[in-house]
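got a predicted model here, sequence first, then my questions.
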Amino acid sequence: MKCEEFLKQWQRDDLLSDSMKKHLAVCESCRAKVKDYNDILLNIKEDKYPHTIDVVDSVMQQIGQKPALATIYPKRNDVKRLVTASLSMAATVALVLMVGWKVDSYNRIRMQNEAITSMFLDVYGYDQSEQYESFNQLDVIEYFLENYEV
Amino acid sequence: MESVHNSMQKEQQQISDQELVQAILNGETECYAKIVERYQQLVANICYKLAGNKIDVEEVVQTVFVELYMSLPRFRFQSKLTTYIYKITLNTITKTLNKINRYEQWDDKLADNIHTPSIYDEMVKDERTRELYAAIDRLKYEQRVALTLHCFNDMSYKEVAEVMEVSLSKVETLIFRAKKNLKKILTEK
């Protein structure tokens, strides 16, 4: 195996095949690259910040200047209660509006039906059995225009 | 009822993160010192690994803990406190690096001043270690973060995804590419 071939395979695979291992045993340059790579990964894993850090006092001082958490964020239970109350209020308002709208539209339809029925009776009321088949909307409109002020 | 702060005095007693956070939220702010004490070195380690050559580690650690304190009420213990701390640390590092990058773009001289020999440079005196760090530095930021977090403390892909706020498959891809690019960089040498 040549170096070029080894490096190509090494870049592609994580594990070393037997032929790659054989090449490593004889090639110092490739061995150095593999060692560098492994050292980097080991370095990331084991290298620690070499100083002992102590920021407790300065952090406590900084947070001492901030407002207390309880004043910024209300307690979780209070938040829950607030959200529940707002949602139920919104639901009640929506329900009232919906019922009002339904009642209104029901009344409007009922009144229209009554008007049409009374006109129907005015026109054909004298003999419904004979005229019923020829009844159509044009007749009603025509009668309406003649007898009612628009 | 004995307060959590008083119970902290008892050396033998080990108080869980959850108990501490609850005590802090109930107004016992002093308990926060225990959290800082417990995790400050861990945060310093990640900062050092991710951007030790560009940022002032101690300053970033302080910022992380102030941010953590302010966001504690939003923490629901759905993940480990450490994962939450990693997340805040990563955000703070990214913000700090963005600021530095902006300075570099607008004023090179100012950037030079920022890059005065840091503690990091003094510490990493060994030439070989310097070379290894230089190779990691050449990786794209996201790849470097994913690889570092994964290697650091043997963090699982799932944890890395949670900290980076990306999908699991993206983490897999990032780590795969990071390793591949690292090999490529070393091959070019």
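Structure received.

dump the residue contacts of residue A:2.
Residue A:2 sits next to no residue when contact means Cβ atoms under 8 Å, 6 or more residues apart in numbering or on different chains. Yep, even glycine has a C-beta here, placed from its N, CA and C like the rest.

how about low-confidence regions in chain A?
A:67-77, A:123-138, A:148-150 (pLDDT under 70).

does residue B:96 touch residue B:60 like I think?
Yes: with contact defined as Cβ atoms under 8 Å, residue B:96 and residue B:60 form a contacting pair (5.9 Å).

tell me which of the two has more neighbours.
Neighbours of residue B:96 and residue B:60, each counted by other Cβ atoms under 10 Å in any protein chain shown, are more numerous for residue B:60; the result is 24 against 18.

contacts only, for the more buried one.
By Cβ under 8 Å, 6+ apart, the neighbours of residue B:60 are B:43, B:47, B:89, B:92, B:93, B:96.

go through the host helix or strand of the last one and flag the buried ones.
Translated: residue B:96. Applying DSSP states H and E as the criterion places residue B:96 in helix B:81-106. Of all the residues in helix B:81-106, those buried under the rule 16 or more other Cβ atoms under 10 Å in any protein chain shown are B:81-82, B:84-90, B:92-93, B:96-97, B:100.

all helices of chain A, in order?
For chain A, the helices defined by DSSP state H cover A:3-12, A:18-26, A:28-46, A:56-64, A:69-72, A:76-124, A:128-131, A:137-147.

please produce CSV containing those, extended by mean neighbour count and distance to chain B.
Output for the helices of chain A, formatted as CSV (neighbours: other Cβ atoms under 10 Å in any protein chain shown; distance: least, Cβ to the nearest Cβ, whole Å):
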stretch, mean neighbour count, distance to chain B
helix A:3-12, 15, 5
helix A:18-26, 13, 13
helix A:28-46, 15, 4
helix A:56-64, 15, 4
helix A:69-72, 12, 6
helix A:76-124, 11, 8
helix A:128-131, 10, 74
helix A:137-147, 12, 63
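
of the ones you listed, which is nearest residue B:131?
Relative to residue B:131, the nearest member of the helices of chain A by Cβ to Cβ is helix A:28-46, separated by 7.7 Å.

restricting to the contacts of residue B:60, which residues neighbour chain A?
With respect to chain A, and counting by Cβ under 8 Å from any Cβ of the partner chain, the subset of the contacts of residue B:60 in contact is residue B:47.

reformat the contacts of residue B:60 as TSV; add pLDDT and distance to residue B:33.
Compiled in TSV, the contacts of residue B:60 are given as follows (pLDDT from 0 to 100; distance: Cβ to Cβ, whole Å):
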residue	pLDDT	distance to residue B:33
B:43	93	15
B:47	90	20
B:89	94	19
B:92	93	20
B:93	92	23
B:96	90	24
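
out of the contacts of residue B:60, who's nearest residue A:39?
residue B:47 (21.6 Å).

so which strand or helix has that closest one?
Going by DSSP H and E, residue B:47 is in helix B:32-51.

by contact count, what packs against that helix?
helix A:56-64, helix B:17-25, helix B:57-71, helix B:81-106, helix B:141-151 (3 or more Cβ pairs under 8 Å, 6 or more residues apart in numbering or on different chains; DSSP states H and E).

per-domain residue ranges of chain B.
B:15-123, B:126-189 (automatic domain parsing).

among these, which gets the worst mean confidence?
In terms of average pLDDT, domain B:15-123 trails the rest of the domains of chain B, at a mean of 81.

gap between that domain and the chain center?
With Cα atoms, centre = their mean, to the nearest Å as the basis, domain B:15-123 stands 6 Å off its chain's centre.

what does stretch A:86-96 give?
The answer for stretch A:86-96 is 22 Å, by Cα atoms, centre = their mean.

repeat that for stretch B:174-182.
Worked out by Cα atoms, centre = their mean, stretch B:174-182 lies 20 Å from the chain centre.

give the buried residues for it.
Residues of stretch B:174-182 classed as buried: B:174, B:175, B:177, B:178, B:179, B:181, B:182 (neighbour count, 16+ other Cβ under 10 Å).

stretch B:151-169 too?
Using 16+ other Cβ under 10 Å as the test for burial, stretch B:151-169 gives B:151, B:152, B:155, B:157, B:159, B:160, B:161, B:162, B:163, B:164.

let me know the closest of these to chain A.
Chain A lies nearest to residue B:151 out of these, by Cβ to the nearest Cβ, at 4.1 Å.

that closest one is in contact with residue A:38, isn't it?
No: counting by Cβ under 8 Å, residue B:151 does not reach residue A:38; the two are 11.5 Å apart.

if we can go back for a sec, ok, which of the helices of chain A comes nearest residue B:147?
helix A:28-46 (6.9 Å).
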